[in-house]
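> build me a model:
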Amino acid sequence: MVTVFASPAVLRAPRDASESLELPEISEKPKVPAIRDPHAAAHDRTPLYVRHQTAADLAAWSVARDIGWDRIRPGRNTTPAATLDALRDACLTEAVQLVAVGRLAAVVAEDMDGSVAASIVAGEGAKHFHALRLYLDASGHRPVLTEREVDQSRREALDVELPVDSVECVVGLLLSEHLASGTYRALAGRTEDSVLRDLLRLIAADKVRHARMAADVLEKWVEKDRSLATRISQAAAVLHAYGAQPGRPGSRERSGGSGWPVGHSASVRTLANRLERISKGALSRSRAATVGSSGPGYSSDRL
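So this is what the prediction gives:
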């Protein structure tokens, strides 16, 4: 069973079917000294966690400096109430997500790549919560999101049973962040408030990068231990089954007691295909090694 870390509240907004479901490459060149592992293969000597941390540094933005808070006029906000309600749900979900990511960090504690990815997701998730809450307060949205409500939701999240299997946890994180990125992009596309639009686009870009990190971690793990390919293939089959469930406007798709928001089926299937590529790539390399072939050099597919 694949577990989505975040509450589905943040995932309610439908995707624009015309949007690309592919995650972009990180094209920026690191501006820091390269860290090389002399024991790694020649084609992959920069540790994955270094690449992820560099990408996070290059993409970093500041809640205090990069958002036009001074352009918000309480009482004059033209953002529809439904959008603000969705933002409130998203804000609360970001707070709850920190509970799940903290538990993920414990599951992957022995792996440096997984640990760094979890720490980046947690730190940036806290920033997303903070920024969304500031916007809601500045726009005068009601009801106000209180500390009591945040704490209660987080306590309830602690009662939810999460898997202790590292592969299943990272697949859940990949799915949750990828769907959330689509939701934030959709919300940004239908707001006329430039401050909110800029904020949502920044958050969506972070979510895309988080999903990319999770996929990279899975790929690296399978490269090290090709026996994991079967488990990832099983996760792909679960996602294919969920993504195939029908939905109707205004409802949430359901399968086996788990709900996917309408409009996200294509995205779920895209992730399933991605997991299949990771699994099949590992299995093909394993077969090549069995017959004595070294096979092609490691090439990382991208979402």
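
> make it CA atoms for all contacts and neighbour counts henceforth
OK.

> ok so Tyr135 is a helix residue?
Yes - under DSSP: H, G, I helix; E, B strand; the rest coil, Tyr135 sits within a helix.

> distance check, it against Leu199.
Separation of Tyr135 from Leu199 (Cα to Cα, to the nearest Å) stands at 9 Å.

> just to check, Trp69 is in contact with Leu196?
No - judged on Cα atoms under 8 Å, Trp69 makes no contact with Leu196 at a distance of 9.6 Å.

> more neighbours: which of the two?
Just comparing Trp69 and Leu196: by other Cα atoms under 10 Å the higher neighbour count belongs to Leu196, 22 against 16.

> now the host helix or strand of Ser115: buried residues?
Using DSSP states H and E, Ser115 maps to helix 112-138. For helix 112-138, the buried set under the neighbour-count rule, 16 or more other Cα atoms under 10 Å, comprises 113-122, 124-129, 131-133, 135-136, 138.

> ok so, going back, spit out the residues that contact Trp69 and Leu196 alike.
Common contacts of Trp69 and Leu196, defined by Cα atoms under 8 Å, 6 or more residues apart in numbering, comprise Tyr135.

> give me the neighbour count for Leu228.
By other Cα under 10 Å, the residues close to Leu228 number 18.

> distance of it relative to Leu104?
18 Å.

> what are the boundaries of the helices in the stretch 101-250 of the chain?
Remark: helices assigned in the stretch 101-250 of the chain by DSSP state H, counting those that start in this stretch are 112-138, 147-158, 166-189, 194-224, 229-243.

> out of the ones you listed, deepest packed?
Here the criterion is mean neighbour count by mean count of other Cα atoms under 10 Å, and of the helices of the stretch 101-250 of the chain the winner is helix 166-189, at a mean of 24.

> packing partners for it?
When contacts are defined as 3 or more Cα pairs under 8 Å, 6 or more residues apart in numbering; DSSP states H and E, helix 166-189 packs onto helix 81-107, helix 194-224, helix 229-243, helix 265-290.
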